Each structure stands twice: as C-alpha cells, then as structure tokens.
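Undergrad: please find the sequence and the predicted model below.
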Amino acid sequence: MNAKPVLFLALGVVMALSGPARPQGFAGLGQNADGFALPAPDPVFRFPEDHGSHPDFRIEWWYLTANLWDAEGRAYGAQWTLFRNALAPEGGTGWDTPQIWMGHAGLTTETDHYAAERFARGGIGTAGVVAEPFEAWIDDWQMTGPWLSDITVTARGADFAYRLDARSTRPFVPQGAGGYSVKSPDGQASYYYSQPFYEVTGTLTLPQGEVAVTGTAWLDREWSSQPLSEDQTGWDWFALTLPGDEKLMAFRVRREAGADYIVGTWIAADGTPSPFDPGDIAATPLATTDVGGGAVPTTWRLEIPARNLDITVAAVNARAWMDTSISYWEGPVTFEGSHAGYGYLEMTGYE
Amino acid sequence: MIGASLGALVSHWRRQPGQFATLILGLALATALWTGVQAINAEARSSYAAAANALGGSAEEFVRPGGAFTTEDFVTLRRAGWRVSPVLEGWLPAERGRVRLIGLDPLTAPPGTGAADVAIETPLEFLTGAGQILAAPPTAARLGSGQGAPVVAVDGLAPGLAFADIGIAGRLLGRSGEIDRMVLHPEQVTGLAKPSGLVSGLERQRPATAEDLARLTDSFHLNLTAFGFLSFAVALFIVHGAIGLAFEQRRVVFRTLRTLGLPVRLLVILLLLELLAIAVVAGGLGVGLGYLIAAALLPDVAATLRGLYGATVEGTLTIAPLWWGLGFAIAILGTGVAAAGALWKVARLPLLAPARPRAWARGSATTMRAQLASSAVLGAAALVAGLTGGGLVAGFVLLGALLLAAALALPAILAGVLSLGARFARRPLAEWFWADTRQQLPGLSLALMALLLALSANIGVGTMVSSFRLTFLGWLDQRLAAELYVSAEDARQAAALLDHLDGRVTALPIWGVDADIEGAPGEVYSVADHTTYRETWPLLSALPGGWDRVAAGEAAMINEQLARREGLVPGDEVALPGGALTIAGVYSDYGNPLAQALVSPATFVVRFPDADRTDFGLRVAPEDADALRRALTEEVGIDPGRIVDQEALKAVSRQVFERTFAVTGALNVLTLAVAGFAILTSLLTLANMRLPGLAPVWALGLTRARLAGVELLRAVLLAALTALAALPVGLLLAWVLLAVINVEAFGWRLPMHLFPGQWAALFALSLLAAALAALWPARRLARRPAADLIKVFAHER
C-alpha cells in the first residue's frame, strides 16, 4: 500500500476522511489532548495575518477552484490546493519541524482529467505560506501575489500545467457563524472564509498544446484541529455562481446512521453572507458515474425552498476523479432549473 | 508383469539395507553440500537486490562527486520542479560488523521505498524528537539499543540496512544538513531548468544496482560454488560406487527377467524409475541437510561479506523455492551421471550371457591406461588454462583440471608403488599382501581418488589461508602505524584538535573521498610527508624518491589492486579527478575491493575542496596514548567513540579476516568427512566379494584375526600413499589459489609460505580416517564364522 494516504488518513487532512472521534467538551474551548488549539465561536479574522498558516492547529488548507472557458466557449476546470498537516502544534525550521504539506493540482476538460500531487516537509523550505506579501508554495507550484486578492497560481504535472492570474476587488466572506463553521450536530467546527469573486485570465498547457482561458475562481481558507466523527463517511461540497453574480456554498456531511448534515451560505454580489441552518437545504443525488472504484453521484438536485431555488447540477466531465493518494471527485459543474449557472463540486468518501 | 518385475528388482534393496543406506546417504550428502552453498549464494544475492531496491529501485540520482549536497541544494532543486528525494548514508556500529544507515525523507521517497511506507505510519515518532531507526529483525537485534534513537524491528525491510529520517540520520552520523545523493522520482516534469545550473558540482548518474554489488562479490561466491562443486564431485564417487555394485550384483536377476520375456526397454525404464525414486528421496534428505548446512554457515558468510565488501547481508536464511527445486534437480542429475555407465551395460546385456558375479569395475591395465591418458589430457588443459587464460573462470578451470588430472593419475601411481613394494617382498605373506593390495586397487580407487581430492583441497586451501594470515598480520602492523585514530565531528572540532595538539603530537591527516580512478569507482586519500609512511608503508615497488615526488604534488601512490587491474607500474600515469598524476609507487592493500590512490594533503585539498577533513592518525609514545585519549575527550570534547587505538583497529581487522575463512575451513572439514565415508563404503562393499580371495589364505593357516589385521594395515597403507600423493597436488593447488585465483578475484598476490606441521596433522588425520573406516569391515572379518569361509570352497564356480 502506498505510504502517504496512510499518513493523511490517520490525521484527517480532508475533514470528511475521519479520524477517531475525540470527546468534545464545550465546543471550541481551549486545547485538545495533543495540545492543538481548537476553533472558538465568534472569531475575528485579521488580514493579512490569517491568510498565513496557523501551525498550532492540526489541519489547514488553501483551496482554489476555477471555472474557465476558451475562445471557442469550451469549459475547463482547474484546482490548486495546499494542505497543511501538523503532527504536533509547533512551527519552526529544520527537518524535525512537525509540519507536513501536501499539494494537489487538477485540470479538467470536457473530455479529460489530469491530476498531480506533491508532498513536502515544513521547516526546510520546500513548502509553506507567507501572509505578506502573500506566497503559498510547494515545490515549484505557487500561489503568489502582493496580497491574497491579487494572485498568480501555477502548477504542473507530468502531462499538464497551468498559470492563472486571479484578481478580486470584493471582500473575503466568512462562512458559517461569522467564520465559525460547524460540521456536525456534535459540534465539530472549523474556521472558514472564502474569496468567491476572483476574475481569472490564464493559460492551460495540455498535451495538445496551450489554451488561453478566462473565467472566475473561488478560494476557500479553512483550518481546524477536530476530525469528524467516526460515523461521518464523506462529504459533498458545492460552490456555485448564480445569476446576478450571487454565490452559493453548500456542503453535506454524510453519516453512516442518521440524517446527513447540510448547511451552506448564500452570498450576495457585494459579499454579504446569509448562512443557512440545517434543514434549509436539500441535496439529492439523481445519477451516478462509476469512477475511481465506486459509484459517484455526478448529477444532483439542490433545493432551497426559502430562496425558491430548485436546480439540477451536472458535472461538465463526470470522470473528474482525483487519483491522488487520497482520492476524491473534484470538477466543474453547470446547473439549470429555477436558476442557471456554473460552479465546482467536490465529493469525498466514495472510493 | 511390471509389478512383478519391479518387485524382483526392489527385493535386492531389502536384502542389502546397508547398500541402500550408502546410496541414499551418498546422494543426500552430494545434494546437501551443493544445495547449502547455493542457498547461501541465493540469500546473499537476494540481499543485494533488496539493498539496491531499498529506495524504490530509482533509476537515476544526483551526486556531487567529492562532496555532499546541503539541504538548501535539495530545496533549490525541488522548487525548480525536480522531483528528487534526499539520501544521507553512513555506518552505525553493531555487533558482528557495522550496519549501513540510510537517512531518507519518507515524504518524497520514490514509490516502492519499503522503509518510507513503514515510517509514514508513525510519522510523529519517525520524523521528530529522538526519531526511530527501522531495520529488519536480525539487523535490529545486532544494532541493539544505545544508538541515539530507538531501534524498531520491521519485517520485510532489506537485511543489513537501517533506515532513519534524514534529519535524525544527520544527527546520528554527525552530518546534520548534509545530503549524499538525491534519487529521482521515476515521473518527472519535462522542460525543467538544467539541474547542474541550479546546484554547482551536480552530476547525474545511475545508482548502484544489485549487479554492481554482485560483481564486487562474484569472486567470493564463485569460491563457495567451487567448494560446493568439489564436495558434490567427491560424494558422487560414493553414489557411483554404490549403484555400480547394486547393478553388478543384480546381473542374475536382470538375466532371469529378460529370459522370462521382459523387454530390455521396459527393464531400463523400470531401473530408471527405481533410480528416480531413490534420487527424489535422497534429494529431499539432501535439501534438508543443505538447509542445515547453509543456516549454520550463513552467519559467518554474512559477516565476511559485510566486512570485506560492505555488502548488506544478514545471517538468517529464508527458504527460497528455487533452491529446493535446484536441490532435487542436482540429485536427479547426479544419480543419472553416476548410473549412466551401469544402465548402458544393462541395455547391452546379452540375453544368454553367463551371470558372472565378480568384483565390479574390475580394473585392468587397459582401464588404467585410459585413466592415465585422460589425466594427461586434463593436465595439458590445466597448463593451457594457466598459461593463456585470463580471468577467474580460467583460474577455476585450471584448478578443476588440475585436481581431476591428479585424481585420474592416482591408480596408476599407486599400482606402480605397489609393484615396487612387491619386488622387495621376500616372505610369502608379504608377497601375497602386495599382490592382493594391488588386486583390490580397482575396487578402492574411486574412494582413494575422493580422498586425494579432499586432502589436496585441504592442503591447498590451508596453505593459502595460513599464507594469507601471515602476510596480512605483517601488513597490518605496517599499515596501522599510528597509535591513535581520531575522527572529529566537523571542521571546527578538527581545528580544535590540531590546536590542542599544537605540534607536540604529530597528526597525520587521513582524509579520503570516493572518487573515480581510471573511470571506475575508487577512493583517494591524502598522505602526509612523514617518516611514518616512508619507513613503514608496505610498498611493493616504487620510483626512486617516490615519497618526495608525492609530497611535491606531482605523483601518487596506488594500491596493488588498481595496478594489476589497469596494468600500471611506477612511472606510468593514473587518471584521477582533476588530472592524471605519475605513479610513484604501488603498495599492498589487502581486504579492500576498491582502487585506491594516495596524494599529498595539498593536492587533496585543491582537488577535493568539499571533502571532509576531519580524520587524523596521531603518533604518540604508546605509554602516553591513554593520557592523550583522555585529554582529547575531556579538553577538546571529542566523543570517546571517535577515538580508536591501534590495537582495537587491528583486532577488528583480524576478526574480519578470521570470519572470512571460517566458511572455507568448515567446508574443508565437510569434504574430508565425505571422503572418509567414501572409503568406508568402498571397503564395506568389497568385504563380501573378497571372501573368495581370503578363504584360501585362511585355509593355508592364517587366523581370521591376523587376516583382519592385514586388512587394516592395507587400508592404512593405501591412505598413507594417497596422502603422500596429495601433498604435491595440494601445494600446486595452493600456488594456483595464491598466484592466480587471488590475483583475479581480489587483485592482490600473496607470497606462499609452507606449513609442514599442518601437513603432518592432516597426514595423521587421513591415516586415522582410513583406519576407522577399515576397522568395521576388519572386525566383521575377524568374527566371521569359519563356516562362511568354508562355504567359499563349496560354492566355488
């Protein structure tokens, strides 16, 4: 068996891939048994400091997804993710720094999907994040710019590469209760904010050659120390662009027994968030695709009665499987129904 | 009919259980020694493969010849997109030979790196704090505790290797922040910046493969194989004898079966089936015995390979199906070879031929002449191989032909000596003794040939090992002249050391790097201009003023291995990194498989600016050595483990030497045991047939006890003659081993010394073996009922 998934499985880098459940007292008070800091309600984010890494939390990520089109109107999707994983709540320099980094890059066309993965040790300089001027990197993959609202994102694998320039003039949007995002009825939570308004120009390098593209991108910043409960088997995450440049984020945490936990945020065009409570959103798989060793729902019905939203979401390329050491589905989608638009879908725990 | 015929054939073995046991045991012994040696070789080879694949069998790597990379170099390459993984290597002290430590980064290690897969399951423990040392269970046991990091035994890791995180390894080896090489992930992005432009001094190369290690140790394995084959050949003599006897005694049965209508084809097929069954049973027994032999010898073999070649092999045997199969195959093949002649005779047996029971393989003058002729041909072949052949294989052809020629000539020589004896015999009993001994020669000659082979091998190998030991110990005294050897942790400590010594104690720099010499891997060392070297260094040949020329930086000394391999003599040039130098002299360098060159410290610093310069030999009066050692530990802060005195170093070297030849010694004893057994079986099988010859002598008035005594004397006499004949053969063998095989295998030639004491002991041993072997048949004869002897006359045909 490959080594690296074991590492990340054990530590639950992608929150949906659960580690052992720990007793949670009052949500978000103090530290857990290993000395990691825990998220607390009503956070006040400080920028640009909070764009950097938080080594005293167990897990953290910088997660960019982009919907792109070429001059002929063909749809593409790009993903750039940097995960940080702390073995112990310490930063520092040198080989023994207990911080481990993982990078994922994906590129989806209407017919193909490319994925690449990198691992690095914190403390020696092969990966890291600096808040100002902003720089996040692992090996030669980078997300850099004067600040996080004006970045250049690059990545390359053996058979693909991309370079995207992403800019936004609108504010970062806190998710959940002012940036405190609860993941389950038991109270596990993370700090979570997004930048869903990037305008993007860039170049994709495919085996067939280079393609100039334009489009939009969405960045998620999230950090926490709490793995999900043992009975939570995976999650489905939607990031959609609605007519009028409004945005919708919704995620469903699936459970072995009992009801799924679905919450989300409606984001107005000026960035004002309106969070949903459990029960406000319904997500129903309509069709599945056999990919990556399991049946993955690649067509969905999403309903939010309070907002008169009833849409059918379908993958641009149903085979957008990230065949990395932790494997999952991640790719661009389009939707129609009461509203029409596009977005990104991530689904874990189906392999 | 088949059942009945088979029953008739097999009934022979029921009546002759001793003969059956001899056959099975002989075949099992032949198989056992061969299989044991093969199992040892297979184990070593699989260890080489495991070691070469310890880092996922990466196809390419970056190195910086003559120096190490830094962590920053690694980061530079990774950030340029090169998928490389850092490796730092060194040695950890352990029981029975050091263990190679591989420091790696489990996160970037190429796929298939077993240690990384294990490490990542407990990342916090492996990567941080004290870290962990992972090793296969036998290696972990040798490492013990007290290594500076907890040792964890993990099944399935390459034997003889230890793995730690590169950060931990840097601390354990005192080389924090250094990287020896960077292995490339098999999947690389194209169009990256040239790595040599990113990191100075970087070179791309193919890493050492299992074949490289195997080539280095080839000579050793070939040696073992030769021994295994020798034992196999000796044991086959037994098998051949037993099968021949059994066929001879069953001639009546064969004839009867044939006259009853059994087709000759079917008869041969039935006999083949019988032999096959015997071969399978004996093969199974032999493989089992072979396993025991291999398991008993492997720890020493492994220690030798580690000490002599730096190979990573453990002393525990895994059972490979391959050598099980090979064991059975060799048993069947051996039976076939031994039985071919007998089967041929059966196939051509005339239907109406009289069933003449007689001593089998009754030698005639014709047979002996044929043997002499073959011996001459083989002798000529040995001469040709010795004169024209190059390489190890030619060396072994020479050895094999020489031994076989000697063995084939033995019966003729013995016959000559016996007839000479007969000429001087005056009394009737003496005349009978000589004539009868000669008469028995054909029946015993195979066993005596086996004894000759075993004794010659013993004398030859014994002489070689003892010559080597004598030379080696003298050479150690010359080579290890400094009283203390110190290895400072870093340049800072080295400076502190020199500061402390302040010229009061001479510090001879012993700086070395791995470097290409004449295009092959070797090592270059610095050598100070000092009387220590001028007076004691073991030079074999040198230019006048050789040391002066080295000190002036215009010349280098090279080791014997390199000189022989490349055909270099003083005055020639040797290609070294940074340009060729004149060869000022050639020195002996036993126990080192690599090419080596010595240059002056100034030349060394210029050519290898990045090499560590932290090792020194200190010349100090022996009585002051302890005080100096204490001062270095207490005042300069050098770890006591980094100071070794001359005696300790010599003891380690001697240990390596003794282990190297422990296996040879063990195989030697086993071969001699097989030969002794061959004599016993031959005498036992002859005993019955000899009754017709002995009965008349008994009837003439000689008591059975005296007859038995004469029989005993006869066996001892034949053994003594054979041992005498073995002496020149053994010495010739020793010469071939020292002057041909050693030069080819190791690259050094050793002077031959003679050890008459050893010969005397061996001579006595062979007499004892023959006497013991003859004792049982002689006792049987002495206690034989007189009626048996009388029957001889009644049954006389």
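TA: Thanks, I have it. The shown structure was predicted, so the numbers you read here are calculated from the model rather than taken from an experiment.
Undergrad: can you name the residues bridging to the residue nearest in space to the middle of chain A?
TA: The structure's chain A has its C-alpha centroid closest to A:Tyr63; by CA atoms, centre = their mean the separation is 4.5 Å. The bridge-partner assignment for A:Tyr63, based on DSSP bridges, gives A:Thr81, A:Asp220.
Undergrad: for the one 5 residues further on, same thing?
TA: Here A:Leu68 sits in beta bridges with A:Tyr76, A:Gly215, going by DSSP bridges.
Undergrad: the residue nearest to the centre of chain A against A:Ala217, yeah?
TA: No: using CB atoms under 8 Å as the test, A:Tyr63 is too far from A:Ala217 to be in contact (10.6 Å). The C-beta positions use only the backbone N, C-alpha and C, and glycine is treated the same way.
Undergrad: hey, C-alpha coordinates of the longest strand anywhere in chain B in CSV?
TA: Identified as the longest strand of chain B according to DSSP state E is strand B:84-92. Once non-C-alpha atoms are left out, strand B:84-92 reads as follows in CSV (Å, rounded to 0.1, in the frame of the first residue of the first chain):
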residue,chain,number,x,y,z
VAL,B,84,14.2,14.4,-6.0
SER,B,85,14.5,12.8,-2.6
PRO,B,86,17.5,13.3,-0.3
VAL,B,87,19.6,10.4,1.0
LEU,B,88,22.3,10.6,3.6
GLU,B,89,24.3,7.4,4.3
GLY,B,90,26.7,6.3,6.9
TRP,B,91,27.5,3.4,9.3
LEU,B,92,26.2,2.5,12.7
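Undergrad: what helices or strands is it leaning on?
TA: Contact partners of strand B:84-92 among helices and strands, from 3 or more CB pairs under 8 Å, 6 or more residues apart in numbering or on different chains; DSSP states H and E: helix B:71-79, strand B:99-104, helix B:166-172, strand B:178-179, strand B:181-184.
Undergrad: who wins for proximity to chain A among the ones you listed?
TA: Closest approach to chain A among the helices and strands packed on strand B:84-92 is made by helix B:166-172 (2.5 Å; CB to the nearest CB).
Undergrad: packing partners for the closest one?
TA: Applying 3+ CB pairs under 8 Å, 6+ apart, we find helix B:166-172 packed against strand B:84-92, strand B:99-104, helix B:123-127.
Undergrad: average pLDDT across that helix?
TA: For helix B:166-172, the mean per-residue pLDDT is 93.
Undergrad: all strands for the stretch 51-200 of chain A, in order.
TA: If DSSP state E, counting those that start in this stretch is used as the criterion, the strands of the stretch 51-200 of chain A fall at A:59-69, A:75-86, A:99-108, A:113-121, A:127-130, A:135-138, A:141-147, A:150-156, A:161-167, A:173-174, A:180-182, A:189-206.
Undergrad: sorry, that was for the stretch 251-351 of chain A
TA: With DSSP E, counting those that start in this stretch as the definition, the stretch 251-351 of chain A shows strands at residue ranges A:261-267, A:273-276, A:282-291, A:294-304, A:309-315, A:321-322, A:328-337, A:341-347.
Undergrad: if you count neighbours, what's buried in the fourth one?
TA: Along strand A:294-304, these residues count as buried under the neighbour rule (16 or more other CB atoms under 10 Å in any protein chain shown): A:296-300, A:302-304.
Undergrad: could I get those in JSON lines, plus columns for pLDDT and distance to chain B?
TA: Compiled in JSON lines, these are given as follows (pLDDT from 0 to 100; distance: CB to the nearest CB, whole Å):
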{"residue": "A:Val296", "pLDDT": "94", "distance to chain B": "26"}
{"residue": "A:Pro297", "pLDDT": "95", "distance to chain B": "31"}
{"residue": "A:Thr298", "pLDDT": "95", "distance to chain B": "28"}
{"residue": "A:Thr299", "pLDDT": "97", "distance to chain B": "33"}
{"residue": "A:Trp300", "pLDDT": "97", "distance to chain B": "34"}
{"residue": "A:Leu302", "pLDDT": "97", "distance to chain B": "38"}
{"residue": "A:Glu303", "pLDDT": "96", "distance to chain B": "43"}
{"residue": "A:Ile304", "pLDDT": "97", "distance to chain B": "42"}
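Undergrad: please report the distance of the closest residue to chain B within the stretch 201-350 of chain A from A:Ala88.
TA: Sorted by distance to chain B under CB to the nearest CB, the residues of the stretch 201-350 of chain A start with A:Thr205, at 9.6 Å. Distance, A:Thr205 to A:Ala88, using CB to CB, to the nearest Å: 39 Å.
Undergrad: try B:Leu134
TA: Distance from B:Leu134 to A:Ala88, by CB to CB: 20 Å.
Undergrad: so what's the residue count around B:Leu718?
TA: Residues near B:Leu718, counting by other CB atoms under 10 Å in any protein chain shown, number 25.
Undergrad: doesn't it fall inside a helix?
TA: Yes: when classified by DSSP: H, G, I helix; E, B strand; the rest coil, B:Leu718 is found to be part of a helix.
Undergrad: so who does residue 285 touch?
TA: As the question left the chain open, I've gone with chain A. A:297, A:299-300 (CB atoms under 8 Å, 6 or more residues apart in numbering or on different chains).
Undergrad: wait, chain B
TA: Here B:Leu285 is in contact with B:24, B:28, B:31-32 (criterion: CB under 8 Å, 6+ apart).
Undergrad: look up which helix or strand it falls in, please.
TA: Secondary-structure assignment from DSSP states H and E places B:Leu285 in helix B:264-309.
Undergrad: in the stretch 551-700 of chain B, what residue spans correspond to strands?
TA: Taking DSSP E, counting those that start in this stretch as the test, the strands found in the stretch 551-700 of chain B are B:555-559, B:573-574, B:581-587, B:595-599, B:615-619, B:643-645.
Undergrad: for the record, mean pLDDT for the last one?
TA: Spelled out, that is strand B:643-645. pLDDT averaged over strand B:643-645 gives 80.
Undergrad: now swap in the first one and tell me
TA: Averaging pLDDT along strand B:555-559 gives 90.
Undergrad: from the contact counts, what lies against that strand?
TA: For strand B:555-559, the contact count by 3+ CB pairs under 8 Å, 6+ apart identifies helix B:546-551, strand B:581-587, strand B:595-599 as packing neighbours.
Undergrad: ok, the shortest one next?
TA: Strand B:573-574 makes packing contacts with strand B:581-587 when contacts are defined by 3+ CB pairs under 8 Å, 6+ apart.
Undergrad: adjacent strands (with direction) for the strand it packs on?
TA: For strand B:581-587, the paired strands and their directions (DSSP bridges) read strand B:539-542 (antiparallel), strand B:555-559 (parallel), strand B:573-574 (antiparallel).
Undergrad: tell me what angle that strand forms with strand B:595-599.
TA: Direction vectors for strand B:581-587 and strand B:595-599, defined by axes from the mean of the first three to the mean of the last three CA atoms, to 10 degrees, enclose an angle of 110 degrees.
Undergrad: roughly how far apart are B:Gln440 and B:Leu683?
TA: Using CB to CB, one obtains 9 Å as the distance from B:Gln440 to B:Leu683.
Undergrad: tell me, what's touching those two both at once?
TA: Taking CB under 8 Å, 6+ apart as the contact definition, B:Gln440 and B:Leu683 share no neighbouring residue.
Undergrad: hmm, back to that, and the strands of the stretch 551-700 of chain B as CSV, adding distance to A:Trp237 and mean neighbour count?
TA: Formatted as CSV, the entries for these read as follows, by distance: least, CB to CB, whole Å; neighbours: other CB atoms under 10 Å in any protein chain shown:
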stretch, distance to A:Trp237, mean neighbour count
strand B:555-559, 67, 27
strand B:573-574, 67, 17
strand B:581-587, 68, 22
strand B:595-599, 62, 24
strand B:615-619, 59, 19
strand B:643-645, 62, 18
